[in-house]
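> here is a sequence with its predicted model. Questions after.
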Amino acid sequence: MTRYVGAIDQGTTSSRFIVFDRAGRIVASRQREHAQVYPRPGHVEHDPAEIWRNVQAVMAEALESAGLAPADLLSIGITNQRETTVIWDRRTGAPLHNALVWQDTRNDRLVAAYAGDGGRDRFRARTGLPLASYFSGLKLRWLLDHVDGAREKAEAGDVLFGNIDSWLVWNLTGGPEGGLHLTDATNASRTQLMDLETLAWDAGMLSAFGIPRAMLPAIVSSSQVYGETRVPFAGVPIAGILGDQQAALFGQTCFRPGEAKNTYGTGCFALMNTGSTPVPSACGLVTTLAYKLDGQPAAYALEGSIAITGALVQWLRDNLRMIQDSAEVERLATTVADNGGVYFVPAFSGLYAPHWNEGARGLIIGLTRYANRGHIARACLEATAFQTHEVLEAMEKDSGIAVRELRSDGGMVANDTLMQFQADILDVPVVRPRVTETTALGAAYAAGLATGYWRGTDDLVRNWGIDRRWEPNMDAAERRRITATWGRAVQRAVDWDEPEA
């Protein structure tokens with residue numbers, strides 16, 4: 001009997017279930033989008049109940065599409081949008097509020113208040129993270145402060161917290177009827193509540209942020225058998241959990257220090273494996289867990305998170321109606337030879353790495369009567385490459401390791417114009433693997449390792465292969481000129497909107 005490994009890939013805009021074979025090839029896949037809720041400027045929410053319904057649906061639909069039964073799955077892995085924060089009632093399973101998405105900035109006053117007493121990096125030594133609206137801990141604090149009765153119920157042990165991985169595992173394993181409340185170390189590292197070296201919840205951070213310990217999930221390894229599914233079908237082991245960007249690093253088989261990947265999705269996320277010792281950042285990156293295999297030392301990474309990349313293309317489509325389909329942006333961008341002097345800084349949710357500026361706002365600069373739709377489309381694509389260049393440059397400075405090659409994945413890697421410009425700006429090759437669904441693949445790999453489907457990471461490395469490679473082809477002087485101009489544009493975007501006292 002041929003068996004497979006499944007992966008739940010719960011992302012910012014959709015939920016998918018993908019089934020992989022031993023070679024890492026996709027056997028079945030189904031996907032459903034969920035609503036993006038914007039109650040106010042800077043507020044971004046998801047309905048956790050809708051996400052859970054969609055996950056159940058795509059799991060069933062993917063198996064049916066390939067004529068598979070639950071018994072054909074040896075195990076299931078989970079990967080998820082990180083930092084997106086859910087609280088729910090332990091007894092009923094009902095969310096107390098919509099999930100606060102990682103892009104949500106409503107906690108910016110909390111960030112400013114904590115940074116005003118010790119600086120933005122006051123907790124970095126313990127958690128690897130600067131104070132920012134991005135991470136789960138202060139989103140959770142906001143919910144406890146603003147949802148009626150939430151704090152009292154949480155202190156009584158009746159409210160549970162988790163990133164999306166915890167919400168899914170709890171529901172998959174029974175919900176109110178004995179569901180498991182846990183999270184893996186990569187997701188825990190994104191809360192700003194976990195000690196980066198001990199991989200345990202830090203009592204000092206819980207006290208500082210006012211978080212009741214009773215509502216937190218247990219921290220587990222990224223690859224081990226946690227329990228079995230009860231819904232939407234019974235008896236399949238859940239054996240791997242990785243936050244989405246760590247899952248992509250794992251799926252790209254970046255197991256050696258210095259190996260790096262960038263995922264081009266709603267945002268962009270570059271990670272470099274730094275080995276078994278956390279590397280503190282002095283250049284605006286975060287230090288995070290890369291993965292923790294059961295019984296083995298943790299692996300760490302430097303990460304540069306960029307809030308808006310693919311979401312900028314969606315903004316051109318949905319808000320400006322400049323294009324009808326996201327794929328059209330490349331065709332429009334290639335109608336012009338260059339950006340015509342137009343630069344687009346997409347600071348819709350502030351700027352993340354390496355600037356960490358909550359008050360930055362989006363900016364289009366360099367407009368003249370010469371500029372047209374093509375120049376704006378090209379500036380939109382180039383913004384992704386410029387932001388990635390900033391992050392990779394910081395990564396090299398922090399680690400002392402030169403990036404020799406950038407492994408790329410995510411939806412935007414289908415855009416040849418962007419990938420070539422990325423190689424030109426970085427002055428290193430950019431590589432697209434044969435299987436670009438590396439986030440889901442990483443979660444499947446974690447689950448498969450825990451259940452013996454793959455014997456070790458060497459099996460995974462043998463699965464990895466190149467689909468296309470872009471070599472840099474830009475004059476050095478031109479590279480310096482346009483990156484310097486980008487830097488000037490960024491400086492005009494920062495601190496535009498300062499939080500109220």
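Sure, I can see it. Numbering: from 1, shown residues only.
> using CSV, write down the CA coordinates of stretch 381-389.
Extracted C-alpha coordinates of stretch 381-389, given in CSV (Å, rounded to 0.1, in the frame of the first residue of the first chain):
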residue,chain,number,x,y,z
LEU,A,381,7.8,44.8,-8.4
GLU,A,382,11.1,46.5,-7.7
ALA,A,383,9.9,47.5,-4.2
THR,A,384,10.0,43.8,-3.3
ALA,A,385,13.5,43.4,-4.6
PHE,A,386,14.8,46.5,-2.9
GLN,A,387,13.3,45.5,0.5
THR,A,388,14.9,42.0,0.1
HIS,A,389,18.2,43.6,-0.7
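> can you tell me what sits against it?
Identification of contacts with stretch 381-389 by C-beta atoms under 8 Å, 6 or more residues apart in numbering yields 262, 264, 268, 270, 304, 306, 309-310, 312-313, 329-330, 333, 339, 343-346, 412, 415, 417-418, 421-422, 425-426, 483, 486. In short, each C-beta sits where N, CA and C put it, glycine included.
> out of those residues, which end up buried?
262, 264, 268, 270, 304, 306, 309-310, 312-313, 329-330, 333, 339, 343-346, 412, 415, 417-418, 421-422, 425-426, 486 (16 or more other C-beta atoms under 10 Å).
> so where's the stretch 201-350 of the chain shaky on pLDDT?
Within the stretch 201-350 of the chain, no stretch falls below the threshold (pLDDT under 70).
> list the contacts for K139?
Contact analysis of K139 by C-beta under 8 Å, 6+ apart lists E83, T85, L100, D104, N107, S133.
> how near is it to T84?
As judged by C-beta to C-beta, to the nearest Å, K139 and T84 stand 8 Å apart.
> and for these two, which residues touch both?
Contacts common to K139 and T84, judged by C-beta under 8 Å, 6+ apart, are L100.
> most distant residue from the middle of this structure?
Within the chain, R369 marks the point farthest from the mean C-alpha position, 38.2 Å out by C-alpha atoms, centre = their mean.
> roughly how far apart are that residue and H43?
As for R369, its distance to H43 is 37 Å (criterion: C-beta to C-beta).
> rounded mean pLDDT for the biggest helix by length in the chain, please.
Using DSSP state H to define each element, the chain has its longest helix at helix 373-399. For helix 373-399, mean pLDDT rounds to 95.
> distance from the chain centre to it, please.
17 Å (C-alpha atoms, centre = their mean, to the nearest Å).
> likewise stretch 105-125?
Its chain's C-alpha centre and that of stretch 105-125 lie 21 Å apart, by C-alpha atoms, centre = their mean.
> what comes into contact with it?
In contact with stretch 105-125 (C-beta under 8 Å, 6+ apart) are residues 40, 42-43, 100, 129-133, 138-139, 141-142, 192, 205, 208, 280-281, 287, 349-350, 356, 358, 499-500.
> of the residues you listed, buried ones?
Buried among these (16+ other C-beta under 10 Å): 42, 100, 129-133, 138-139, 141-142, 192, 205, 208, 281, 287, 349-350, 356, 358, 499.
> can you show me the strands along the stretch 151-300 of the chain?
159-162, 182-184, 218-220, 223-228, 237-243, 260-264, 268-275, 286-291, 299-306 (DSSP state E, counting those that start in this stretch).
> let me know which of these is the nearest to Y445.
Proximity to Y445 (C-beta to C-beta) singles out strand 237-243 among these, at 7.4 Å.
> packing partners of the closest one?
In terms of contacts (3 or more C-beta pairs under 8 Å, 6 or more residues apart in numbering; DSSP states H and E), strand 237-243 is packed against strand 73-80, helix 164-172, strand 182-184, helix 185-188, strand 223-228, helix 438-450.
> pick the most deeply packed of these.
When the helices and strands packed on strand 237-243 are scored by mean count of other C-beta atoms under 10 Å, the highest mean neighbour count falls to helix 438-450 (a mean of 31).
> tell me the helix or strand right after it.
Downstream of helix 438-450, the next assigned helix or strand under DSSP states H and E is helix 457-463.
> return the list of helices and strands in contact with that following helix.
Contact here means 3+ C-beta pairs under 8 Å, 6+ apart; on that basis helix 457-463 packs against helix 438-450.
> pLDDT of the helix it packs on, averaged?
The pLDDT scores in helix 438-450 average 97.
> which strands or helices does it pack on?
Helix 438-450 sits against strand 4-10, strand 14-20, strand 73-80, strand 223-228, strand 237-243, helix 244-251, strand 260-264, helix 457-463, with contacts defined as 3+ C-beta pairs under 8 Å, 6+ apart.
> go again with 7 Å.
The contact analysis (3 or more C-beta pairs under 7 Å, 6 or more residues apart in numbering; DSSP states H and E) places helix 438-450 against strand 4-10, strand 14-20, strand 73-80, strand 223-228, strand 237-243, helix 244-251.
> in helices only, show me the buried ones among the contacts of stretch 381-389.
Among those, the members found in helices (DSSP H) are 310, 312-313, 329-330, 333, 417-418, 421-422, 425-426, 486.
> now tabulate the helices and strands packed on strand 237-243 in a markdown table and tack on distance to Q324.
Converted to a markdown table, the helices and strands packed on strand 237-243 look like this (distance: least, C-beta to C-beta, whole Å):
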| stretch | distance to Q324 |
| --- | --- |
| strand 73-80 | 30 |
| helix 164-172 | 30 |
| strand 182-184 | 39 |
| helix 185-188 | 36 |
| strand 223-228 | 42 |
| helix 438-450 | 27 |
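> wait, R190 sits on R82?
Yes. With contact defined as C-beta atoms under 7 Å, R190 counts as touching R82 (4.5 Å).
> need the residues touching each of those two.
Both R190 and R82 are contacted by N163, G243, under the criterion C-beta atoms under 7 Å, 6 or more residues apart in numbering.
> which of the contacts of stretch 105-125 fall in helices?
In this view, these that belong to helices under DSSP H are L138, K139, R141, W142, M205, A208.
> beta partners for the nearest residue to I306 once chain neighbours are set aside?
Nearest non-adjacent residue to I306, counting by C-beta to C-beta, 6 or more residues apart in numbering: C268, 4.0 Å away. According to DSSP bridges, the residues that bridge with C268 are Y264, I306.
> pLDDT score assigned to R404?
pLDDT, R404: 89.
> could you report the neighbour count for the closest residue to it other than its chain neighbours?
Leaving aside its chain neighbours, R404 sits nearest to V428 (6.4 Å; criterion: C-beta to C-beta, 6+ apart). V428 is flanked by 18 other residues according to other C-beta atoms under 10 Å.
> show me what contacts V428?
V428 touches V403, R404, E405, L406, P472, counting by C-beta under 7 Å, 6+ apart.
> what residues sit buried inside stretch 148-155?
By neighbour count with 16+ other C-beta under 10 Å, stretch 148-155 contains the buried residues A150, R151, K153, A154.
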